[in-house]
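# Return a 3D structure for these sequence lines:
(one chain, ligands or ions: 2)
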Amino acid sequence: MAPLASYVKNTAPSLNRALTACPSCDLLLTGTTALENHAALCPRCNELLHRDKHNSIVKTFSLSLTAILLYIPALFLPLLTMGILGTESTASIINAIYNLFVQQQFFVGFIVLLTAVIFPFFTLFSLCTVSFGLLTDHKKSWMPWMFRHYNHLRGWAMTDVFLVGILITIIKMAHSAEIELNLGFFCFVSLVVVTIASQTASDRRLFWSLLEPTCTKTTSSPSKPRAPSKDNTHVTKHVVCHTCHKMVWPSKKEAQSYSKCPRCGEKLHHRKKNSIMRTWALLCSAILFTFPANILPIMEVEYFGVPERSTILDGIVYFFQDGSYGIGIVILTASILVPLFKIIGLTIILTSIHFQWHTGRRHKAAMFRLIEFIGRWSMLDIFVIALLCTLVQFGFLSTITTAPAAFYFTCVVISTMLAAVTFDTRLLWDNDESTS
Ligand SMILES: [Zn+2]
Ligand SMILES: [Zn+2]
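Ligands and ions are numbered 1, 2, ... in the order given. Got it, this is the predicted structure:
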């Protein structure tokens with residue numbers, strides 16, 4: 001475990017160039033750049049502020065380029081071949097998505113297309129082009145835009161979740177059919193490993209500091225910290241960019257006209273606009289979608305012409321009855337416990353802000369980080385169903401198709417993920433007289 005970097009807590013704005021604010025709780029800090037092989041954490045909310053990454057640009061470029069080269073074969077080559085009584089069927093990722101559209105699951109198919117194909121490619125392409133530009137010192141005006149969208153979309157690129165979905169499909173079907181791993185599977189495993197490595201290698205703070213236009217670093221920039229003036233023409237309240245974490249000190253005049261971050265172009269707000277209301281709205285939608293998602297069938301299995309519809313819970317019970325406790329627990333966690341935890345956790349956080357319950361804020365901040373981290377793993381069940389519906393197509397012998405709950409369950413996952421995006425964690429720490 002890397003030791004923590006030291007901090008000098010600073011409660012009053014100064015002309016110190018290293019002055020910054022925690023993006024999670026807005027505490028003013030100095031010296032947040034981690035030393036070699038160290039990590040810097042916020043002393044108030046425990047947010048990871050910076051982790052030193054050696055040779056970040058070269059590693060990011062080479063790993064993201066490798067991932068892009070693996071992308072096409074991983075997507076189009078068959079992942080698995082399944083055989084029952086001499087008949088065979090294969091599934092690739094593109095094949096599985098196409099099959100969802102054929103089965104009239106347009107929304108589910110569209111979300112799987114975005115999360116398993118489009119967003120992973122965009123994030124890799126962004127990392128590759130931006131790191132190449134920085135490596136060769138050819139900075140272009142579109143690079144901050146690319147890197148900004150990389151930061152927004154990397155949580156929505158779910159090739160790693162899809163890989164776990166493939167493994168569960170293999171274990172699920174291994175009892176009843178012969179499963180053969182194809183070249184596409186090995187390309188996809190390599191793609192996931194290299195993608196994770198490239199994202200881990202990228203030092204976001206270093207990338208942003210190199211991407212910053214030179215003019216915004218000068219003393220005439222509105223981003224420069226200012227001391228309060230006697231005639232009150234300067235606003236002393238800082239604004240931290242939600243995306244690149246640049247701290248801006250706009251004057252009253254600049255605050256009226258200056259609406260975009262000078263570094264990444266993101267709209268600047270002291271707090272995310274209507275954060276509480278939007279998060280409540282998305283949370284309520286998720287709660288409403290949870291009922292049909294769990295009551296209605298999610299999958300229809302036709303065995304020798306006899307259809308049988310099963311809900312999410314039926315699928316979990318099947319794994320436990322079959323003795324596959326490991327997969328049963330994984331599906332139970334991803335499909336039921338994680339959405340439930342996200343809904344309960346966000347309700348606790350929002351209620352505590354509404355009633356100004358200031359106790360246990362570090363724990364609530366940690367709970368929110370966990371909600372953000374695990375949110376995407378709920379898509380696991382949808383990916384497994386997409387693969388099963390493509391693989392198990394043996395006519396009269398056995399077929400699997402999606403059922404209505406797939407739509408509602410996807411809505412639950414998307415609503416809770418968007419709720420986490422719209423929530424501004426800094427609201428948890430506002431009016432904190434004890435530490436800020
Ligand atoms: Zn903090
Ligand atoms: Zn910014």
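
# Surely residue 368 and residue 348 touch.
No. Counting by C-beta atoms under 8 Å, residue 368 does not reach residue 348; the two are 9.9 Å apart. C-beta coordinates here come from the backbone N, C-alpha and C atoms, glycine included.

# So which of these two has more stuff around it?
Remark: of residue 368 and residue 348, residue 368 carries more neighbours, 20 against 16, as counted by other C-beta atoms under 10 Å.

# buried set for the helix or strand hosting the more buried one?
Per DSSP states H and E: residue 368 is located in helix 361-374. Using 16 or more other C-beta atoms under 10 Å as the test for burial, helix 361-374 gives 361, 364, 365, 367, 368, 369, 371, 372, 374.

# Pick the one among those residues closest to ligand 2.
Ranked by distance to ligand 2 (C-beta to the ion), those are led by residue 372 at 19.2 Å.

# ok now do the closest one, which residues does it touch?
By C-beta atoms under 8 Å, 6 or more residues apart in numbering, the contact list for residue 372 reads 155, 420.

# Could you do residue 84 as well?
176, 177, 178, 394, 397, 398.

# I'd say the last one and residue 392 touch.
Just to be clear, that refers to residue 398. Yes. If you go by C-beta under 8 Å, residue 398 and residue 392 touch, sitting 5.7 Å apart.

# Give the residue from the two that has the larger number of neighbours.
residue 392 (24 against 18).

# Without its sequence neighbours, what residue ends up closest to that one?
With sequence-adjacent residues excluded and distances taken as C-beta to C-beta, 6 or more residues apart in numbering, residue 392 is closest to residue 400, at 4.1 Å.

# centroid residue for this structure?
residue 155 (1.8 Å; C-alpha atoms, centre = their mean).

# Count the residues that sit near the residue lying closest to that one once chain neighbours are set aside.
The shortest distance from residue 155 to any non-neighbouring residue, by C-beta to C-beta, 6+ apart, is to residue 376 (6.1 Å). Other residues near residue 376 come to 20 when the count uses other C-beta under 10 Å.

# cool, and the one 5 residues further on?
For residue 381, the neighbour count with other C-beta under 10 Å is 27.

# For it, which non-adjacent residue is closest in space?
Nearest residue to residue 381, sequence neighbours excluded (C-beta to C-beta, 6+ apart): residue 335, at 4.5 Å.

# ok, which stretches of the chain are strands?
Assigned by DSSP state E, the chain shows strands spanning 8-9, 20-21, 28-30, 39-41, 48-51, 80-84, 87-91, 178-181, 239-240, 247-248, 299-303, 306-310, 398-402.

# got the domain boundaries for the chain?
The chain resolves into domains spanning 1-52, 56-210, 275-428 when parsed by automatic domain parsing.

# right, so of those domains, which gets closest to ligand 2?
Closest approach to ligand 2 among these is made by domain 56-210 (7.2 Å; C-beta to the ion).

# quick one: is the closest one near ligand 2?
No. Residues of domain 56-210 contacting ligand 2 under C-beta under 5 Å from the ion: none, with a closest distance of 7.2 Å.

# hang on, the earlier thing: from the chain's centre, how far out does the helix holding residue 368 sit?
14 Å (C-alpha atoms, centre = their mean, to the nearest Å).

# From one end of stretch 111-123 to the other, what's the distance?
In stretch 111-123, first residue to last residue: 16 Å (C-alpha to C-alpha, to the nearest Å).

# Pull the distance from it to the chain's centre.
Per C-alpha atoms, centre = their mean, the centroid offset for stretch 111-123 relative to its chain is 12 Å.

# quick one: low-confidence ranges for the stretch 51-200 of the chain?
Within the stretch 51-200 of the chain, no stretch falls below the threshold (pLDDT under 70).

# again, only using 90
Applying pLDDT under 90 to the stretch 51-200 of the chain flags residues 51-55, 80-91, 103-105, 137-142, 168-180.

# which residues of it fall in helices?
56-76, 93-102, 106-113, 119-135, 143-153, 159-174, 183-201 (DSSP state H, counting those that start in this stretch).

# Would you mind listing the buried residues in the shortest one?
Pointing back at helix 106-113 there. Burial within helix 106-113, assessed by neighbour count using 16+ other C-beta under 10 Å, is assigned to 108, 109, 111, 112, 113.

# what do you get for the first one?
Judged by neighbour count (16+ other C-beta under 10 Å), helix 56-76 contains these buried residues: 56-57, 59-68, 70-71, 73-75.

# same deal with the last one?
Neighbour counts using 16+ other C-beta under 10 Å place 184-185, 187-195, 197-199, 201 of helix 183-201 among the buried residues.

# do the same with the fourth one
In terms of neighbour count (16+ other C-beta under 10 Å), helix 119-135 has its buried residues at 119-134.

# how close does the residue nearest to the centre of the chain sit to residue 46?
20 Å (C-beta to C-beta, to the nearest Å).

# I'd like to know which of the domains of the chain is closest to ligand 1.
Nearest of these (C-beta to the ion): domain 1-52, 3.0 Å.

# residues in contact with residue 51?
Taking C-beta under 8 Å, 6+ apart as the criterion, residue 51 is in contact with 2, 34, 38, 39, 40, 203.

# Same list (those residues) but as JSON lines, adding pLDDT and neighbour count.
Output for these, formatted as JSON lines (pLDDT from 0 to 100; neighbours: other C-beta atoms under 10 Å):
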{"residue": "2", "pLDDT": "39", "neighbour count": "13"}
{"residue": "34", "pLDDT": "74", "neighbour count": "22"}
{"residue": "38", "pLDDT": "78", "neighbour count": "15"}
{"residue": "39", "pLDDT": "81", "neighbour count": "16"}
{"residue": "40", "pLDDT": "83", "neighbour count": "23"}
{"residue": "203", "pLDDT": "88", "neighbour count": "21"}
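
# circling back to that earlier point, so the residue nearest to the centre of the chain sits right up against residue 379, yeah?
No. Contact status for residue 155 versus residue 379: not in contact, 11.5 Å apart, counting by C-beta under 8 Å.
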